[in-house]
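K.L.:
Below: sequence and its predicted model.
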Amino acid sequence: MTEPLLSVENLHTHFETHDRTVHAVNGVSFDIEPGEVVGIVGESGSGKSVTARSIMRLEEPGKIVDGSIRYRGEALTEATDETIRRLRGQDMSMVFQDPMTTLNPVFTVSEQIVESLKVHDNPDHQPLREYLRIPFLHDRTDWAEKRDRVVELMSEVGIPNPEERLDAYPHEFSGGMRQRAMLAIALASEPDLLIADEPTTALDVTIQAQILQILSDLRASRDMSVMLITHDIGVVSEVCDRVIVMYGGQVMETGTTEQILTQPRHPYTQALLDCMPQQTERKEQLATIEGQVPNQLGDIEGCPFASRCAYADAACTSASMPVCDCGDGQEAACCALDRVPDPTREAVGVEGSR
Ligand SMILES: Nc1ncnc2c1ncn2[C@@H]1O[C@H](COP(=O)(O)OP(=O)(O)OP(=O)(O)O)[C@@H](O)[C@H]1O
Ligand code: NI
């Protein structure tokens, strides 16, 4: 077997507030293989973004208190600032839900792409803390040489007539175009891993579909791995090979996209799927899972979903959850699987009864 591109093991990331500790990520483990598109799904607050930020080593003000993150075998948890700079400049890129938090309004989009190209060529060009605000110099020295690359990147992400937009500022771009611009900036560093945190959530459905299409085209043309964070399990079905379902800072279930969508084993995954818009009649109110997301203060005893789970009993709130092998690589962290309906077995039952 080849080495995974990214390997996260037993990751714990905490936030200290004035009087308490928030266990935002609470023992998360998963791998991403080269060229694989992995979806991370879960409700708001389940720890998806903090996991992603921890991988990029942007967890501050949070702290990674336990576990390891390895990129091509290199430990990121102990990495020096210099190593992290190099990785961000040349190996991993991240795009966020709101491009305006990353795009700098006082520089043209093309200047910001050029900055990213420069950081790629020389990672030390960029101070660590500047990662989220890419350009910091108004410097056109390399412009002529980089111009063609910029135009190429802009067209790769579907920005029409890039030559005519070289002088455009972020505010002159529509929401969808800004998200494409963000992607172009992220791709300028030629990452092997692109982390996209809700990249389409703020966009309307048509634009969302276009961006997802671009992501899947890129993955094929660049042979890049993508970690796609979304609370929308429908988005996952469009582009992901594999899905990681998170809840309460923990991984509830992992499997191929098909396994997760057609034979979910964890009660939480089943509940999430029941809330998918496609499953409800039009105009009917969207179903939501009953109960509240746990507050993640202090160590959670047992399964974080137990208080909302229809199958939970006393064991679920006391022991730590076993990770059960459901076959063909699918895994669910649940101690009540024998009580939870198995969609596969039911399907067989239906066939057999005919
Ligand atoms: N800066 C912070 N200070 C304190 N707590 C934080 C901070 N950032 C995140 N958290 C907490 O960490 C937990 C996980 O948050 P995270 O942003 O990872 O969730 P998420 O799954 O990405 O949700 P969403 O879908 O809303 O983006 C939440 O309980 C959140 O309140
Ligand atoms: Ni998030």
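P.N.:
Done, it's in. Numbers count the residues shown, from 1 in each chain. Ligands and ions are numbered 1, 2, ... in the order given.
K.L.:
For residue 144, give its distance to residue 301.
P.N.:
Distance of residue 144 to residue 301, computed by Cβ to Cβ, to the nearest Å: 62 Å. (C-beta placed from N, C-alpha, C; glycine too.)
K.L.:
okay, these two: which has more neighbours?
P.N.:
Using other Cβ atoms under 10 Å as the criterion, residue 144 and residue 301 rank with residue 301 on top: 12 against 8.
K.L.:
So out of everything in the stretch 201-350 of the chain, what residue is nearest ligand 2?
P.N.:
residue 229 (6.3 Å; Cβ to the ion).
K.L.:
if I pick that residue, what's in contact with it?
P.N.:
Neighbouring residues of residue 229 by Cβ atoms under 8 Å, 6 or more residues apart in numbering: 39, 40, 41, 48, 49, 52, 195, 196, 197, 198.
K.L.:
List phi and psi for the third one.
P.N.:
Translated: residue 41. phi -120, psi 160 (degrees, to the nearest 10).
K.L.:
So in the protein, which helix runs the longest?
P.N.:
Criterion DSSP state H: the longest helix present in the chain is helix 205-222.
K.L.:
contact partners of that one?
P.N.:
Applying Cβ under 8 Å, 6+ apart, the contact partners of helix 205-222 are 35, 37, 156-158, 175-176, 179-180, 183, 187, 190, 194, 196, 199-200, 203, 224-226, 228, 235, 238-239.
K.L.:
Whatever residue of the stretch 101-250 of the chain ends up closest to ligand 1: what's it in contact with?
P.N.:
Closest to ligand 1 within the stretch 101-250 of the chain is residue 231: 4.8 Å, counting by Cβ to the nearest ligand atom. Residues in contact with residue 231, defined by Cβ under 8 Å, 6+ apart, are 41, 42, 43, 44, 48, 198, 201.
K.L.:
can I get the residues you listed in a markdown table with pLDDT and distance to residue 308?
P.N.:
Shown next, in a markdown table, are those (pLDDT from 0 to 100; distance: Cβ to Cβ, whole Å):
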| residue | pLDDT | distance to residue 308 |
| --- | --- | --- |
| 41 | 95 | 16 |
| 42 | 92 | 13 |
| 43 | 90 | 10 |
| 44 | 90 | 14 |
| 48 | 96 | 18 |
| 198 | 92 | 23 |
| 201 | 84 | 23 |
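K.L.:
average pLDDT across stretch 9-28?
P.N.:
Averaged across stretch 9-28, pLDDT comes to 94.
K.L.:
Quick check: bridge partners of the closest residue to residue 197 other than its chain neighbours?
P.N.:
Counting by Cβ to Cβ, 6 or more residues apart in numbering, residue 229 is the residue found nearest to residue 197 once chain neighbours are left out, at 4.6 Å. Beta-bridge partners of residue 229, counted by DSSP bridges, are residue 40, residue 197.
K.L.:
roughly how far apart are residue 229 and residue 269?
P.N.:
Distance, residue 229 to residue 269, using Cβ to Cβ: 16 Å.
K.L.:
can you check residue 188 too?
P.N.:
From residue 188 over to residue 269 the distance is 36 Å, taken as Cβ to Cβ.
K.L.:
ok, these two, which is more surrounded?
P.N.:
residue 269 (28 against 25).
K.L.:
Show me what the particular helix or strand that has the more buried one in it packs onto, helices and strands only.
P.N.:
Element membership of residue 269, judged by DSSP states H and E, is helix 267-274. On a contact count with 3 or more Cβ pairs under 8 Å, 6 or more residues apart in numbering; DSSP states H and E, helix 267-274 meets strand 242-247, strand 250-256.
K.L.:
now the angle from it to strand 250-256?
P.N.:
Between helix 267-274 and strand 250-256, the angle comes out at 70 degrees (axes from the mean of the first three to the mean of the last three Cα atoms, to 10 degrees).
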